[in-house]
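Asks: For reference, the sequence and a predicted model appear below.
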Amino acid sequence: MASMKEIKRRRAAIQSTAQITKAMKLVATVKLQKARTKADASKPYFTVMYQTIASMLEKSENISHKYLKKNDGGKIGVLVITGNRGLAGGYNNAVSRQVISEFKSNETLIYAAGKKGRDTLLHKGFEVEGDFSEIVEEPLYKDAADITKVLLDDYESGKLSEIYVIYTNFKNTVVHDPVLLKLLPISKEDLLQPETTESEGPRALMNYSPNEDEVLDAIIPKYISSVIYGGLMQSVASENGARMTAMDSATSNAEELIDKLGLQYNRARQGAITQELTEIVAGANAIE
Amino acid sequence: MDKFALKIMCPDHVFFEGDATMVEFTTTQGNVGIYAKHIPMVNVIAPGKLSIHCEDGSVKTCALHSGFAEILQDEVTILADSCEYSDEIDVNRAKEAKERAEKRLSQRDGIDVARAELALRRALVRLDVAGYK
């Protein structure tokens, strides 16, 4: 059996770990609440944006626009949204794993938002073209617009043939799944498929001023920014949710271990006392 | 006068939601004023002043920077990148931004001219809306 001193030291170490995990859990809880409010606040804008663009593409049968047709020859650009820090359960890994399974490293350019995903994918041989990791902690709409600009520039120059975004969708504190979305080229089928918004019946015929092309020119980048912004918001909420759950179970594991070690320590102490007594009695007997 | 439902949304919050009798803003084609029963239309917004004429006759002015407007018969939705009421504008910050942009434009080398011009325009709109001459 381990000595009393050893058990005591181990117990103290675990206790301080438990303190850290508990504090991290509390911090994550507060951040989660903040992130959730923000994520909810960004939803109405996205919904209207989505409906507008969906109804636009639905009604306009054959618009040819640079963002609607596929670029040939370029690589596939993937914006990977993860966290900058670990200790968040499977949050970072789930995203990286999906990227690795869906894309081939030699045909893909990674645009990383989040150090964890960037490092994992670099390690797996992916080429990282852009790095926006510093904005992941507290993303603003402006950051999403900046990312959009970089992606669209690379798309227009022919470097990218398709653009995807992968982020973590926040369902609730425990459930969050990585989601892969195609950003460009936008096609009607892709757009109308996910979470089919209730069709409001045929709307009035829409006019576009100055013309459809220019309206699309202006709206599509905004649509992409809003998808990226929404993705960033969802990811931040998921990261904190994941960290909260992970730290919660770490704390309860540590507490369990502390209890067990406490028991062991008491047993060891009792054993030592018994031994001492036996020794004294034996010593006294020997003198007689 | 007929009213319509006006909704102005920014990426992180709903800026305005309520009834209005007329709304004025700047599009890439020039200034427009929209009354109820307008034909359905989508407009691209250019930086400019946005005036909301409420039912009680009061007028709210805001600085509206970019985005687009979807106009339906009894409903106008403006999706804006950013929008602020005239009394929320930080005049000093706008002045600084204006000077910065002017300086950049006067040097004209190695800068993103389009971006600097846009920044200048935004600053001017802010100053205009805030009533600073």
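Replies: Done, it's in. Just so we're clear, the structure is a prediction, and the values are computed from it rather than from any experiment.
Asks: CA only for contacts and neighbour counts going forward, please
Replies: Fine.
Asks: okay, now the closest residue to residue A:116 other than its chain neighbours: neighbour count?
Replies: Closest residue in space to residue A:116, ignoring its immediate chain neighbours: residue A:84 at 5.5 Å, by C-alpha to C-alpha, 6 or more residues apart in numbering or on different chains. Using other C-alpha atoms under 10 Å in any protein chain shown, residue A:84 is surrounded by 19 other residues.
Asks: show me what contacts residue A:84?
Replies: With contact taken as C-alpha atoms under 8 Å, 6 or more residues apart in numbering or on different chains, residue A:84 is in contact with A:114-116, A:133, A:136-137.
Asks: what does chain B put close to chain A?
Replies: Residues of chain B lying close to chain A (C-alpha under 8 Å from any C-alpha of the partner chain) are B:9-14, B:28-29, B:39-44, B:67-68, B:70, B:79.
Asks: redo that, cut-off 10 Å
Replies: Within chain B, the residues that sit near chain A (C-alpha under 10 Å from any C-alpha of the partner chain) are B:8-14, B:27-29, B:39-45, B:66-68, B:70-73, B:77-82.
Asks: Looking at those, which are in strands?
Replies: Judged by DSSP state E, strands contain the following of these: B:8-10, B:13-14, B:27, B:41-45, B:67-68, B:70-72, B:77-80.
Asks: got the residue ranges for the strands in the stretch 101-250 of chain A?
Replies: A:108-113, A:127-131, A:160-170, A:176-184, A:207-209 (DSSP state E, counting those that start in this stretch).
Asks: what does the stretch 101-250 of chain A put close to chain B?
Replies: A:140-142, A:145, A:203-212, A:214-219, A:222, A:225-226, A:229-230.
Asks: can the strands of the stretch 101-250 of chain A go into TSV with extra columns for mean pLDDT and distance to residue A:241?
Replies: What follows is those, written out as TSV (pLDDT from 0 to 100; distance: least, C-alpha to C-alpha, whole Å):
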stretch	mean pLDDT	distance to residue A:241
strand A:108-113	89	18
strand A:127-131	87	24
strand A:160-170	89	8
strand A:176-184	86	8
strand A:207-209	79	42
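Asks: Please produce a markdown table containing those, extended by distance to residue B:100 and mean neighbour count.
Replies: Output for the strands of the stretch 101-250 of chain A, formatted as a markdown table (distance: least, C-alpha to C-alpha, whole Å; neighbours: other C-alpha atoms under 10 Å in any protein chain shown):
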| stretch | distance to residue B:100 | mean neighbour count |
| --- | --- | --- |
| strand A:108-113 | 30 | 24 |
| strand A:127-131 | 28 | 16 |
| strand A:160-170 | 34 | 23 |
| strand A:176-184 | 35 | 20 |
| strand A:207-209 | 33 | 17 |
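Asks: Could you chop chain B up by domain?
Replies: B:4-86, B:90-129 (automatic domain parsing).
Asks: need the contacts of residue A:84 in CSV with neighbour count and pLDDT, can you?
Replies: Formatted as CSV, those follow (neighbours: other C-alpha atoms under 10 Å in any protein chain shown; pLDDT from 0 to 100):
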residue, neighbour count, pLDDT
A:114, 22, 89
A:115, 22, 91
A:116, 21, 90
A:133, 19, 87
A:136, 21, 86
A:137, 17, 83
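Asks: before we move on, back to that, among the strands of the stretch 101-250 of chain A, which comes closest to residue A:15?
Replies: strand A:176-184 (30.0 Å; C-alpha to C-alpha).
Asks: Next, the angle from that closest one to strand A:160-170.
Replies: For strand A:176-184 against strand A:160-170, the angle by axes from the mean of the first three to the mean of the last three C-alpha atoms, to 10 degrees is 150 degrees.
Asks: follow-up on the earlier one: single out the most deeply packed of the domains of chain B.
Replies: domain B:4-86 (a mean of 19; mean count of other C-alpha atoms under 10 Å in any protein chain shown).
Asks: For that domain, what is the distance to the chain centroid?
Replies: 8 Å (C-alpha atoms, centre = their mean, to the nearest Å).
Asks: start to end distance for that domain?
Replies: In domain B:4-86, first residue to last residue: 23 Å (C-alpha to C-alpha, to the nearest Å).
Asks: How many residues are close by the residue of the stretch 51-200 of chain A found nearest chain B?
Replies: Closest residue of the stretch 51-200 of chain A to chain B, C-alpha to the nearest C-alpha: residue A:141 (6.7 Å). Neighbours of residue A:141 under the rule other C-alpha under 10 Å: 20.
Asks: which ones are touching it?
Replies: Shown in contact with residue A:141 (C-alpha atoms under 10 Å, 6 or more residues apart in numbering or on different chains): A:42, A:225-226, A:228-230, A:232-233, B:10-12, B:81-82.
Asks: Model confidence score at it, please.
Replies: On the pLDDT scale, residue A:141 is placed at 86.
Asks: go on, the one 4 residues further on?
Replies: The score at residue A:145 is 87. That number is its pLDDT.
Asks: And the residue nearest to it when sequence neighbours are not counted, how far from residue A:11?
Replies: Sequence neighbours aside, residue A:225 is the residue nearest to residue A:145 in space, at 5.1 Å (criterion: C-alpha to C-alpha, 6+ apart). Distance, residue A:225 to residue A:11, using C-alpha to C-alpha: 50 Å.
Asks: Between the two, which has more neighbouring residues?
Replies: Neighbour comparison, residue A:225 and residue A:11: the larger count goes to residue A:225, with 25 against 21 (by other C-alpha under 10 Å).
Asks: hang on, isn't that one packed against residue A:142?
Replies: Yes - the criterion here is C-alpha atoms under 10 Å, and residue A:225 meets it with residue A:142 at 8.7 Å.
Asks: what do these two both touch?
Replies: Common neighbours of residue A:225 and residue A:142 (C-alpha under 10 Å, 6+ apart) are A:148, B:11, B:81.
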